[in-house]
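Participant: Have a look at this prediction, sequence included:
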Amino acid sequence: MTIDAITLAIETESHARASEILADLRTVAETLYFPMKMVGFWDYGADLHLCPQEERREPCPHKLPAGHPDHVEYVRTLQRERRASLELHFPHAGVKIYMN
């Protein structure tokens, strides 16, 4: 199963900046793609993600090097465990939100 990837690029010709706050981006994502809900995120600037393994007090396999035998792609975990079917990328914020 492949995930649908969407990029929401916000470009301005002024000094105004769009919000980079995760809660704001979640509201935008859930409003645009209602009734879908956020099931995960990855904030590349803060190097932070919502990790199902860490929630179960297990080691996170997502930050391991790609060649490591225990490495698992984050998107694959969300597809398997939380049935994610949509990936929204907000490049201005360096955030990806995953929804089902």
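Facilitator: That came through, no problem. Numbers count the residues shown, from 1 in each chain.
Participant: what does the longest helix along the chain contact?
Facilitator: Counting residues, the longest helix found in the chain (DSSP state H) is helix 22-32. Around helix 22-32, the neighbours that count as contacts under Cβ atoms under 8 Å, 6 or more residues apart in numbering are 8, 19, 36-38, 41, 43, 88, 90, 93, 95, 97, 99. Using the backbone N, CA and C atoms, a C-beta is placed for each residue, glycine as well.
Participant: Let me know the pLDDT of M1.
Facilitator: Per-residue pLDDT puts M1 at 64.
Participant: ditto for the one 4 residues further on
Facilitator: Residue-level confidence at A5 comes out at 95, pLDDT.
Participant: Is it part of a helix or strand, or is it coil?
Facilitator: Judged by DSSP: H, G, I helix; E, B strand; the rest coil, the three-state class of A5 is strand.
Participant: and it, what does it touch?
Facilitator: 87, 89.
Participant: and with 6 Å instead?
Facilitator: E87 (Cβ atoms under 6 Å, 6 or more residues apart in numbering).
Participant: Bridge partners for it, pull those for me.
Facilitator: Beta-bridge pairing of A5 under DSSP bridges involves E87.
Participant: Convert stretch 88-100 to CSV, retaining C-alpha atoms only.
Facilitator: Extracted in CSV, the C-alpha atoms of stretch 88-100 (Å, rounded to 0.1, in the frame of the first residue of the first chain):
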residue,chain,number,x,y,z
LEU,A,88,0.8,16.3,4.4
HIS,A,89,4.2,18.1,4.1
PHE,A,90,4.4,21.7,5.3
PRO,A,91,7.9,22.7,3.9
HIS,A,92,7.8,26.2,5.4
ALA,A,93,7.6,24.6,8.9
GLY,A,94,9.7,21.4,8.2
VAL,A,95,6.8,19.3,9.4
LYS,A,96,5.0,16.2,8.0
ILE,A,97,1.6,15.2,9.4
TYR,A,98,0.1,11.8,8.8
MET,A,99,-3.6,11.2,8.7
ASN,A,100,-6.2,8.4,8.4
